[in-house]
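Engineer: predicted model and sequence below, questions to follow.
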Amino acid sequence: MVSNAPSTNDSLVGKRIVLGVCGGISAYKAIEVCRRLVDAGAHVVPIMTKSAERFVGKVTFSALASEPVHTSMWDDWGGPIPHTKLGQEADLILVCPATARVIGSYASGISDDLLTNSLIATKAPVIVCPAMHTEMWEHPAVSDNIAVLRRRGVHIVEPEAGRLAGGDIGHGRLAEPSTVIESARRVLGGSAAADSGTVELPDMTGLRVVVTAGGTREPIDPIRFVGNRSTGKQGYAFAEIAARAGAQVDLITTVAIPVPSGVNAVAVTTAAEMHQATSERATGADIVVMAAAVADFRPIDPPDHKIKKRNGVPIIEFERTVDILADLGSRKPAHQQLVGFAAETDELIANAAAKLESKGADFIVANDVSAAGVGFGHDTNAVTVLARDGSRDSLALASKHDIARAVLTTVMAARSTTS
Ligand code: CTP
């Protein structure tokens, strides 16, 4: 027998999710989103705007959701503050689909209906899933409003390209329900929840950012490799925060964890592959963050067949790999900020300062990987940021997202003083 019971490991279980539905042809997809959230064990509280009611019926949502649809601030809910209650009680607000009007109101702090009131009254994370015609999506007013929301920590599920209302083809179609649900899952349980969002993001609109993440693997033979303990979490946090701040982000990664929305991931395995992928993209980049743990040595000429133990203990000879950070530092364009890391177990600051100098970086983010909760595999980090101008900034133990947020704020401040 197959059980339909929600998985207890699912971050959606028991969460109170306000589903804000705006008026648009894609409102029909919100019905599927509602059903899947409820099936996963979430408590779904639907709010429909006036124009949403023109596209889909209240009865449909009321039948599928965990409670009847709310449409007005003026309904008698038996309490004194109905216009803020839904937002205050929510674990997450998901606006799906989000129209240009609601995006604009939310960005400007205008609260003229129940949904916008709830958005402004909440301290819960918010996901906005825009859907509109291509011309509207590309209008500078909408782009600016989206950039404002991203900087405030709102999660944007990018619209997709495809068939739009009226048969036009273009960018602006609501993301698929599965993408929306995954985003909710990630925000409630995963990495994004670790981002406290307390510091407003710098405006990185239009900047090109390259981030490397994970540990490289150097083959010994087709079966075995030399690797390291890096999980890629810090690099992914940088990529996610930069994308949310409006940057165009390329993430060169050795790990297969979900790619943050709006980030272009390039999969690599070895130091040589990472070198090539990073060099190609770094030339035009405004900021490069080398968060990856790159192997310093690799086996010379690994055989293309498995090394058999019957032939005795092998002697494996190693050769140096290219130091990618040092290579980028030696031919860095004037406008570029180059950020390296230093994973150390002793003499943190002295070793990091030497790396800043020898690798030609603008910043070195130094972490003592032997300290509790710091470095490989943890969701937290504690770092000292050393800058080329001699300044040093110590960031106490915080989520890797908050570390990324703070480092990028420092890098952006340096950009504004040098440009
Ligand atoms: N790095 C790199 N290419 C390498 C090795 C390291 O680009 N082949 C980068 C890392 O991504 C990081 C920085 O250099 O940003 C420092 O890496 P780390 O492992 O701390 O130091 P190493 O340069 O390898 O020096 P050591 O092993 O002596 O500490």
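Structural biologist: Nice, thanks for sending it over. Numbers count the residues shown, from 1 in each chain.
Engineer: what is the burial count for residue 229?
Structural biologist: Residue 229 is flanked by 11 other residues according to other CB atoms under 10 Å. The C-beta positions use only the backbone N, C-alpha and C, and glycine is treated the same way.
Engineer: that one: what's its closest spatial neighbour, skipping adjacent residues?
Structural biologist: Computed as CB to CB, 6 or more residues apart in numbering, the closest residue to residue 229 that is not its neighbour in sequence is residue 376, at 4.1 Å.
Engineer: wait, is the one you found part of a strand?
Structural biologist: No: for residue 376, which was evaluated using DSSP: H, G, I helix; E, B strand; the rest coil, the result is coil, with no strand membership.
Engineer: run through who's touching the host helix or strand of residue 145.
Structural biologist: In this structure, residue 145 is located in helix 140-151 according to DSSP states H and E. With contacts defined as CB atoms under 8 Å, 6 or more residues apart in numbering, helix 140-151 is touched by 100, 103-104, 106-108, 128, 130, 132, 136, 156, 200-203, 205, 244-246.
Engineer: in three-state terms, label residue 257 for me.
Structural biologist: Classification of residue 257 using three-state DSSP returns coil.
Engineer: you'd agree it is up against residue 236?
Structural biologist: Yes: here residue 257 lies in contact with residue 236, judged by CB atoms under 8 Å, at a distance of 6.5 Å.
Engineer: ok, the two, which is more surrounded?
Structural biologist: The residue with the greater number of neighbours, taking residue 257 and residue 236 and applying other CB under 10 Å, is residue 236; the counts read 27 against 15.
Engineer: contact partners for that one?
Structural biologist: Under the criterion of CB under 8 Å, 6+ apart, the contact partners of residue 236 comprise 191, 213, 251, 253, 257, 259, 260.
Engineer: quick one: buried ones out of the contacts of helix 140-151?
Structural biologist: Buried members of those, scored by 16 or more other CB atoms under 10 Å, are 100, 103-104, 106-107, 128, 130, 132, 156, 201-202, 205, 244-246.
Engineer: restricted to strands, list the residues you listed.
Structural biologist: Using DSSP state E, the members of the buried ones among the contacts of helix 140-151 that fall within strands are 128, 130, 156.
Engineer: distance of the closest residue to the ligand within the stretch 1-150 of the chain relative to residue 64?
Structural biologist: In the stretch 1-150 of the chain, the residue that lies nearest the ligand is residue 150 (26.3 Å; CB to the nearest ligand atom). Residue 150 sits 30 Å away from residue 64, going by CB to CB, to the nearest Å.
Engineer: more neighbours: those two, which one.
Structural biologist: residue 150 (23 against 18).
Engineer: which parts of the protein sit against the ligand?
Structural biologist: When proximity is defined by CB under 6 Å from any ligand atom, the chain lies next to the ligand at 271, 290, 292-294, 296, 321, 323-325, 340-343, 355.
Engineer: what about stretch 332-352, average pLDDT?
Structural biologist: Regarding stretch 332-352, the rounded mean pLDDT is 94.
Engineer: break down the stretch 301-419 of the chain into its strands, ranges please.
Structural biologist: Residue ranges of the strands in the stretch 301-419 of the chain, as given by DSSP state E, counting those that start in this stretch, are 318-320, 337-344, 363-368, 380-387, 392-399.
Engineer: before we move on, back to that, just the buried ones among the residues of the chain next to the ligand, please.
Structural biologist: Buried subset of the residues of the chain next to the ligand (neighbour count, 16+ other CB under 10 Å): 271, 290, 292-294, 321, 323-325, 340-343, 355.
Engineer: okay if I get those as a markdown table plus distance to residue 402?
Structural biologist: Putting these into a markdown table (distance: CB to CB, whole Å) gives the following:
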| residue | distance to residue 402 |
| --- | --- |
| 271 | 29 |
| 290 | 20 |
| 292 | 20 |
| 293 | 21 |
| 294 | 25 |
| 321 | 31 |
| 323 | 29 |
| 324 | 26 |
| 325 | 24 |
| 340 | 20 |
| 341 | 16 |
| 342 | 19 |
| 343 | 19 |
| 355 | 23 |
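Engineer: among these, which are located in helices?
Structural biologist: Mapping these onto helices (DSSP state H) picks out 271, 324, 325, 355.
Engineer: need these in TSV with distance to residue 403 and pLDDT, can you?
Structural biologist: TSV is the format used below for those (distance: CB to CB, whole Å; pLDDT from 0 to 100):
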residue	distance to residue 403	pLDDT
271	24	98
324	21	98
325	18	98
355	18	97
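Engineer: adding distance to residue 11, write those out as TSV.
Structural biologist: Conversion of these to TSV gives the following (distance: CB to CB, whole Å):
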residue	distance to residue 11
271	35
324	35
325	35
355	38
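Engineer: out of those, flag the one nearest to residue 13.
Structural biologist: Top of the list for closeness to residue 13, among those and by CB to CB, is residue 271 at 41.2 Å.
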